[in-house]
Structures are given as C-alpha cells and as structure tokens.
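K.L.:
Coordinates only, no sequence provided:
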C-alpha cells in the first residue's frame, strides 16, 4: 500500500464543513455540479495519485531530465500520463463547456492539484501549467488562436508554459529584452532567451506552447512595453508541425523537483520564430498576471502538498520507530516506546500539522474568492477581487516559506535516517525549497503586499479582510476552548494596524525604500495572523461538529484538529511579538548599510 | 582563484582582539607557542584548504562513496590527504609532546578546523575524528594501547572513529546491545552492529580504529553497564595486519556531506572480533563523553564553517549580479544595479554574517574554556569546566540550527540559480542539514541544557555565565553605539531567569516531562542571548579599535562588524519575545496530546 501523503478526512472537512463548497453550485457557472460530484473528482484525483503518480516519485528523483540531441528526455511514464491527464479531463476541468471543459470551480481544481502534488509534485507541473496557459489564451486570445491551440492543450497533446524569465530579468521583469517584430503576415518574429522555463521542453508531448513575454520593436521601456505572445515549439504549416526556431540550450540541474524539466530556451536564432500576439500590444504583463496569480495560488498549494507528504511520512514513522522511554522513567529494562510519545517529537509533528492544515485552508479560501470573483458582479465581484488580490502574496509565500521549515521538521523526526536516501524525508526537503523562489521570491511578495495591496483603494482590501477575520473572532468567542485565542487574534489585529500605520509614517518621512525594507517581515507577520484566522475558522467548525455528534468525522480527528489549533496559537502566534518589535524599530540597518560596506 | 569561503580578517580579529589567544602562551602547556606561531598555523590551514581541500569539493559531492567488495571507496585524493594531515601535524597538533604532538591549544585547533571545513567539510571529518579518537586512547588507555595505536593514528595511517550508534539505539544510548566477552587472553570478543559511523570504513587508510561502546556480559542495564573498547578493523598479529572480523554491511546514501563515508558496520560475525578495554569496565560512557564533548564543539564549528562558505558565496554573487533598480527609481532605462543594494538582499546577507561571526565567536569562547580547564587547577579549573559544560549544548546547537536557515538565506540570494547545481548554494544547504542531527539532536541538547546543565551544582554554572555576560554588558555601556543594546541584553537576562524560575516551578508541580517538553525552545532562547553576548563582546573590541586608529583592520571591516551587530539586536534578539511568551504559557499541548491522537 502507498504510504499516506495527505488526509482525505481533513480535505473533506475543509471543503464541506469549513468552506461549504457545494454553495458554489448555486451559481450559474457551476450549476451542473454537486457535493457528490466534487467528491467524485477528489476520489479520482486520489486514485490517479496513488496508482500512477506516487509510484514514480523516487524514480523521477533518481533520474533527472537530460538533454539529448536538442530535446529534453523526461521519465518515460510522462507521455502516457499527459495523455491520461488530457483524456480524463484534468487539464480542462476548470475550462468552460465551450472549450470542452467541465466548468469545475477553481477550488476543486486546487483541491485535486493538492492531492496530486502531495503524491508527486513534479508530475503536476505538466498538466497545471498547460491548464494555466490554455486558460490565458481562452481569456485574451483571438478565436483563431483558441481554435489552433486550446483543444490540443486540453487533450494533453501539447504542453503549455509561462515564458517570462530571462538571464538578466528574473525578479525585474521590466528589464526583459526578448524582441518581437511584425512580419507583415499576421504574425510576429521573436528573438530572445528564456531561462527557468518549467516544462519548457520535453519528449512527453508532441509540441510545447510558450506564453511568452517580449517587446515589440519601438515599444516603451519598462513594464509598459511588454507584449504577450503564443510561441509554439512547432508551428502548423499545411497541416504539419514544422520547427518554429525554438531551441533548447540547456536543462537546469536542480537540487530537487527532478521530475519536471526546467529549460533554457533560445527563440529566433534563425529569425524564423513565429509568434502570435495575444490581446493588445504592450499590455502583455497585465494579461500574464492572470496566469501568474493563478500560479501563485498554485505554488502555495503545492508547497502545502509537499509539506503534507513530509508530515504523513514522518507521522507514520514516529508511530512505529521505538527509541528511549518517557522522561522520568528510570528503569532501563522497560521496553522502548514509539518516539511519537516524546513531547519534542509531538511538537515537531504538531508544527507540521498546523502548517499543512492552516495553509491548505488558506489555499481553499483564496480559491473560493477566485471562484466567487469570476462568477459575480458589482459589489460582490469587487469584494472578492480585493480579498484575492490582498491574499495572493500571503497564500503564495506563507506555505512556501513554512514548507521549508516544516519539511525540515519532518526530516528531524527520522534522526540520522532522515538525512539518508533510505527515506523520503530528504527528498521533500530538497523538493520544496523552490517554492520561495519561483513565481516571485518572498521578498517580491513582501513588497507587493506592503507597497501595493495594503494601500489598494485607500486600504479597502485591508478593511474587508479585517471584517472577515472579525467575523470568525466573534464566532470563536462562543466556545470556551477558543475564546482565549480569539481574544489574542483580536489584539494582534490591532497590533497589525498599528504596525501598518507606523510604516506609513515611515514612508512619509523616510521614503519608499525604508518603508519597504522589511516587507518580508511584514509579510511574515501578516501570514501568521491570516493562518490564525484560518485556524479559528476550523476551530469553530470543529466545535460545532463536536456539539452535534456528527458521524462523518472521528472523535480523534476533531481532537487532533484542536491540538493543532492550540499548537498554532501557543507556538506560532507568539512569533508575531518579535516581528512587531522589529517592524516598529527606528533602526533601518539594511537601508543604512551600503552594499560595499558589507564584508 | 578559489572564491572566498571565510574571512581571514575576522578570524584574526576574534583570535587576537576578542580572545587574546596569545594569553594562553603564558600557561606551562602552551609556553612554546606565540601569537606569530598561531598565525603560521592558521596560514598553513588556509593554504592547505585553498590548494587541496576546496578544489575537490564539487567532485566529492558528485561522486559519493560507494561500497565495493566489502570496502568503501572514497575520493582518490583522500589517501594522499590523510598522509599529508598526518605528516604536517594536523591530526596530532593538540596532542602532548610525548605523543609526538605540538601541544597546540584546542582553540587554535578549532580555528584551523573552521577554515578547513569551510573549504570542504567532508575532508575534515577524517583527520579530526582521528584526533578525537587518539586523544581518548591517550587519556584513558593503557600504555600498550597507546603505543600500538596512537602513532599510526597521528601519522594519518590509521583512521579513528566513534562507534556509538546502533540501529535501535541512537538518541537512547542506554539501549545499546553490542556485547563484549572476556576471552581470557587479555582482550575481549565483541559482537554487534553500529550505524552512522562517520569514516567507519574507507580505502584512504590502511586501518580503521573504532572507539566502540559495548556491554560486557553480565553488565547492568542502562548507561551504567556500558564499556569502551578499541576495536580495529585489522589487528596486528606477528607484525602483520590481519582481519579483525569487522565487516562493512553498507554505506549510507545521504543528502549531502558526500565526501565522508558513513558506514553500517558488523562486528564479530565470526566471533573473532578482538576488542581492547579502555579504562574500567562499565565506565565507558563517561570516557566517551570526552570525545563527544570535543566533537560537539566541533559540530558547532563545522556548521559555522558551512554557513561561512555559503555566506561568502552569496556575498560575492550579490556584488556582481545586477537586477532591478532602487525602490522609487521609476526610469526603466537606467542601468540595473547589483542586487546587494536591495534592502532585503542586505537583510539576507547581514543575517548570515551575524550568524557566522556570532557562532564562530562562541566556538572560540568555548574552546578557550576548554583550554583553560585543561591547564588549570582549583577554582579556575572548576569555573572553566562549568562554563564549558553549560555552553556545550549551545555551541553545538545554535550554529547547527541557524546554519540551516543561514545557508537557506544564502541560496535565496541567488534566486532561481540558487536552486541549481550551477552554483554551490544548494550544496551548502544540503551539507549542513546533518548538524542538527549528529552528536545529539537539538532536542537532546535542549534537555541536556534545561534538565542537567542549568541545575548543575545548584545553578552555579548559570551564575558564572551571568557574571561573564554582565561584564560585557557593563563594558558595552561605555559606548554610545552599544549602550542601548547592552540594556536590552541586561533586560533579557532577567527575563531568562524568570523563565527558568517559572520552569522550575513547573517541574515541581507537573513533573519532569512537562518541565522538559519545551527544552528545544529554551535552548533557542538561551542561544540567542549567548550570541548577543558574543556580539557585545565583539562590539566593544570594534569600538576600541575604532578609537585607537589601529592599522590591522580596515575601516570597512569595523563598520561592517557594527552593522552585523545592529542586525543581530534588531532582528534576532526580538525573537526571544515570542519564545519567552511560549515558555511561560500554562498550556502544554505537546504533553497533553497523546501520540495516537495526532492524525
């Protein structure tokens, strides 16, 4: 039997109790769905993951992609898997009916992706990048482009990618230099290099479709001169695929995440790389943000997945591995006990559980805002949009950063064995480290949160979030076991507002650099409080279920939920104290110190 | 040129300014040495590291040891290197003259090891384990054992190891089951398995000498029945080395630290494994603690080394890699700037610098206590012994834990490139993860600190440490730039004492399990304050040097030192707030939750 890599019971609890995901079915777009239908999708994701994805996790890790004769070779199963992802509807699941999709809510898409990434993160990059790329063509492409590309992509025959990063323009997208020139024949000719393109080339699909950012000749400098193009590896000519002058310069050898090929691509070496403009010239970045924002929720989800896999891996081990005795037990001939009975091991486990279940809750919360935003109008649309915008840096970064620590805690549970390749702990630790980097580093998201999102529309998004959190605080106050923590979170919200006001005054007196210099710490503080909110939300549902004597959840599940909640408020929330102190300090050493002064 | 992996200037500053290491030369044991002599040793370590160790770092990582025909094959250079370590006196440097050593202080040994491990951590395990093992035979072995083993070991011909851990007795040494039976011919016959034995077998030396723990038949259970033996791979018979029935069952495949072979050994499969008792029966663990305590300072030192290598690796990169512009610079055609000018990158760098230089300072402090303890008597001896005992869990664990975060920060400085094998960042991140595990996990050290060391002799060690710290606080109050931080540390010491008193009351009312349940967090709190003390100490010297207009240190060096100090007090010390809150809480969820309740 495949070892457990996520909790079905917990996912069910979040989807059906905490988020009432079936409520989405009242909306026109999702009216054909039902709670039972959603469960079937989850069940199918589970079965696919267990039977097809998890079994090749280690093989993929031990045999990273390699470049051979200009093409990247990936695990031989990927070809069949991509077909399966296509045929079984995984790539198109969230797409509208008119594109052959099933109009499944993004929330269910993420829940499915969560399971699949927990089983084998690398395999998941292939279908979900394709989904995101196709969705972008769907949203802004011409009918011709839609027809030419979307069916093949949704069928899993053609891979989709995001081709943004260049060797000298990673975090600074405004500096990208790939160029595009109108050919006069309806297409453009592009030239440029792209690096770190996930699934940017491989032999599991017959074609690769890049959603590529480039500058049309004469375009303004900076982000306002960037356009979005569809650039396939092979283009269709007279009903046949011919080379489109996209060549693979290399494959990156990485620390983990070995199953997915990350390519260095060169477009237009022979001046024959056809590109098809999406939407209007110079507006490419704003279109791309659709895919980036979806991908950011995706990254948070996948970081959570890996943390989940590491958690259950460690949990199972600590239940069977015996070592030592209870503190205070002086008799050395008494049998050794499973290490899960040691307080510090329980601390390591509850930390992981609190991170995984708190993060997954936030991923689903953000996904619901996404679904509601897409399917509403007026004030409701705006509200969901603002909440989603505000939470995007958090839902991306909290899981990404905490997954590093959480997988490390998982590894620690194994002692010396955790450092060896006999167990999976070290693989998860290597694998998850990418998430704090790709789709915007944590620092970028800190600046996005503090510099843009918090201020957006005069702080309206912040105000809406506070309302959401206060609603849960009020709800939690009704329960003896939660009311103390509700009061703590309420106080912390006041502290957050004080910090924010303080920083705004810093912005006014010392300018934007000093204002944003601790954006990463502000994001960390914000993240802990947001996850605290998610834990209260889960706590309320847990208490409700306990009170009603339900049959869906075991007593152990509900008890364990409350332990993780306690852990979060006892061990994680106090970390905000130091962050608040730091953020209110008038010493700005990281601004004051000049680069050349650091030795 | 080899890229920089440590700062010579900083090591000089610590040895000569902060610790006045030449003062040690006033002692009888070290009277043949001088400041200039110490510098020559450091210079030799530097040259060896740069010319022989660093050049094979990547090769060693890419070609891990492998088991072939019963022997582990390591990098081909290791054979010549072990000879060189022997001939050039690296293995015997701290040994007494009568064993052919140079009686170099342990402090200088650690300083040299720091450089070598920063160049290539794995290579260092070979000589320094041999040094520790030989030193143990020196201290407690018979003259016959000394004669038979020590010269070969100090010559680098024979490898020394610590053979403690067994498959079912890692953290719980009292459960080891390896057995020993008197043969009647002066030796014992041992039987048992040992795992995770660093340098436990390899082809770079002609023999491997295990310092092995086992139980003599009929010995009491628990730690009071453990004896220490010398168990060579080959024993001498009639002037020839013959097999001693120690076989290599396997080599562990690890996440990093690939240069050093970690073996699974089986002793006495054929009932022919001769073992030579060291000291008295059943007292083995107390002897072994000598080697373990030296090794624990060593682990702290080596974790610092890897963090140092990662820091300079990142520092150099951030000075040349351009990306983006200053916050607030709206003109996209201005050239991009080196990323070291971004506040968040400076934060990542200052964090690493603060960890590396704070940890190295503590390693040298502990090493000095060690040297003074060994070379004094009466009250001075006791004082240094107690301080060393108290600080051993801290000097092992603070660098070990922080090196995980510090190398991660180093990796982050590279963006996407940090996740690839094109740069060394990912190697350091993988390599250092072992340190929070071997030589006692962090949890074990937390329990050692809180359960044993803090209470030792009615809290005498704690009192002595407080006096040491207060001395620096008083010194720091004389400087405008330091006095605020001195006041902060003074307040934190009071908080630490309050926390300690609170926990003692928990011990009295709720028993030892609850008392020790947050030992890891107590250790973390303790560690931050101890490093704060080391930073004040460095700050005072820096201010003195600034005031005297010295010629040994550049103005940039002194300025940079003060920035790192500020970073430490502004960003790291505030983390104690959350720890204090947690440690004073009356909720003990990690004790309350039963293992089977965690799902």
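P.N.:
Happy to help now that I have it. Source: prediction; values computed, not measured.
K.L.:
Now the stretch 101-250 of chain A against chain B: closest residue?
P.N.:
residue A:222 (3.1 Å; Cβ to the nearest Cβ). Backbone N, C-alpha and C define where each C-beta goes, glycine included.
K.L.:
Please read off the pLDDT at that residue from the model.
P.N.:
Looking at residue A:222, its pLDDT is 91.
K.L.:
Sketch out the helices for the stretch 101-250 of chain A, chain order is fine.
P.N.:
Listed in chain order, the helices of the stretch 101-250 of chain A (DSSP state H, counting those that start in this stretch) span residues A:106-140, A:143-154.
K.L.:
And the residue nearest to the spatial centre of chain A, what's its pLDDT?
P.N.:
The centroid of chain A falls nearest to residue A:299 when counting by Cα atoms, centre = their mean (1.8 Å). For residue A:299, the pLDDT comes out at 98.
K.L.:
for it, what are its contacts?
P.N.:
By Cβ atoms under 8 Å, 6 or more residues apart in numbering or on different chains, residue A:299 lies in contact with A:396, A:399, A:400, A:435, A:438, A:439.
K.L.:
make it 7 Å
P.N.:
Residues near residue A:299 by Cβ atoms under 7 Å, 6 or more residues apart in numbering or on different chains: A:396, A:400, A:435, A:438, A:439.
K.L.:
re earlier: show me the contacts for the residue of the stretch 101-250 of chain A closest to chain B.
P.N.:
A:174, B:332.
K.L.:
Which pLDDT value belongs to residue A:557?
P.N.:
pLDDT, residue A:557: 96.
K.L.:
What of residue A:2?
P.N.:
73.
K.L.:
Show me what from the stretch 151-300 of chain A comes close to chain B.
P.N.:
A:165, A:170-172, A:174-175, A:196, A:221-222, A:252-255 (Cβ under 7 Å from any Cβ of the partner chain).
K.L.:
Could you give me the PyMOL selection string for whichever of those residues are buried?
P.N.:
Burial among those is assessed by 16 or more other Cβ atoms under 10 Å in any protein chain shown; the matching PyMOL selection reads:
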select buried, chain A and resi 165+170+171+172+174+175+196+222+252+254+255
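K.L.:
Now the two most distant members of the residues of the stretch 151-300 of chain A next to chain B.
P.N.:
A:221 and A:255 (35.1 Å; Cβ to Cβ).
K.L.:
ok, now which ones touch residue A:101?
P.N.:
A:92, A:93, A:94, A:95.
K.L.:
Hmm, residue A:77 is touching residue A:54, no?
P.N.:
No - Residue A:77 is beyond contact range of residue A:54, at 11.9 Å (criterion: Cβ atoms under 7 Å).
K.L.:
how about low-confidence regions in chain A?
P.N.:
By pLDDT under 70, the low-scoring segments of chain A are A:1.
K.L.:
Okay, domains of it per the record?
P.N.:
A:8-153, A:158-283, A:444-587 (automatic domain parsing).
K.L.:
all strands for chain A, in order.
P.N.:
In chain A, the strands defined using DSSP state E lie at A:66-68, A:71-73, A:158-163, A:179-182, A:188-198, A:207-216, A:227-232, A:234-237, A:240-243, A:246-251, A:262-267, A:274-278.
K.L.:
Of all the residues in the fifth one, which ones are buried?
P.N.:
To tie it back to what came earlier, the one meant is strand A:188-198. A:188, A:189, A:190, A:191, A:192, A:193, A:194, A:195, A:196, A:197, A:198.
K.L.:
ok, back up a step: nearest to residue B:180 among the helices of the stretch 101-250 of chain A would be which one?
P.N.:
Of all the helices of the stretch 101-250 of chain A, helix A:106-140 comes closest under Cβ to Cβ, at 47.4 Å.
K.L.:
elements contacting that closest one?
P.N.:
Contacts defined by 3 or more Cβ pairs under 7 Å, 6 or more residues apart in numbering or on different chains; DSSP states H and E place helix A:106-140 against helix A:35-48, helix A:57-62, helix A:77-87, helix A:143-154, strand A:158-163, strand A:207-216, helix A:284-320, helix A:343-374.
K.L.:
was I right about residue A:503 contacting residue A:517?
P.N.:
No - the criterion here is Cβ under 7 Å, and residue A:503 misses it with residue A:517 at 9.8 Å.
K.L.:
Between those two, which has more neighbouring residues?
P.N.:
Between residue A:503 and residue A:517, residue A:517 has the larger neighbour count (other Cβ atoms under 10 Å in any protein chain shown), namely 27 against 21.
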